[in-house]
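In: sequence plus predicted model, see below.
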Amino acid sequence: MKTIKNKGHNMFLGMDINIIIVFSHILPGILGFLAILCIINGAFDKQKYLMMLGVGLFALAAAIPFIVIPFLG
């Protein structure tokens with residue numbers, strides 16, 4: 001039986017998969033959920049600063065995998 005070797009560049013080589021999962025799935029999910037709660041609470045209570053905090057958290061949750069993961073390797 002032959003073994004197939006990967007000759008291409010793998011950017012995740014040597015990285016701990018648990019850290020990747022935290023920054024790509026878990027943390028954005030938690031931040032996104034908190035952002036939705038802030039947006040809803042701010043809209044119902046007519047608090048613009050809380051609503052803008054929710055929008056900022058949502059943007060951070062969407063951007064954090066693209067910002068953090070390339071610097072881990």
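Out: Structure's in. What do you need? This is a predicted model, so every value here is computed, not measured.
In: for this protein, which segments count as helices?
Out: Using DSSP state H, the helices found in the chain span residues 17-21, 27-45, 48-72.
In: got those as TSV, with mean pLDDT and mean neighbour count columns?
Out: C-beta coordinates here come from the backbone N, C-alpha and C atoms, glycine included. Output for these, formatted as TSV (pLDDT from 0 to 100; neighbours: other Cβ atoms under 10 Å):
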stretch	mean pLDDT	mean neighbour count
helix 17-21	84	11
helix 27-45	96	15
helix 48-72	93	14
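In: tell me the contacts of the spatially closest residue to Ala61 that is not a sequence neighbour?
Out: Using Cβ to Cβ, 6 or more residues apart in numbering and skipping residues adjacent in sequence, the residue nearest Ala61 is Leu31, 3.6 Å away. For Leu31, the contact set (Cβ atoms under 8 Å, 6 or more residues apart in numbering) comprises Leu57, Phe58, Leu60, Ala61, Ile64.
In: was I right to think the fourth one contacts Ile26?
Out: No. With the criterion set as Cβ atoms under 8 Å, Ala61 and Ile26 do not qualify as a contacting pair; they are 10.9 Å apart.
In: who's in contact with the residue nearest the centre of the chain?
Out: By Cα atoms, centre = their mean, the chain has its centre lying nearest to Pro28, at 3.4 Å. The neighbourhood of Pro28, defined by Cβ under 8 Å, 6+ apart, consists of Ala61, Ala62, Ile64, Pro65.
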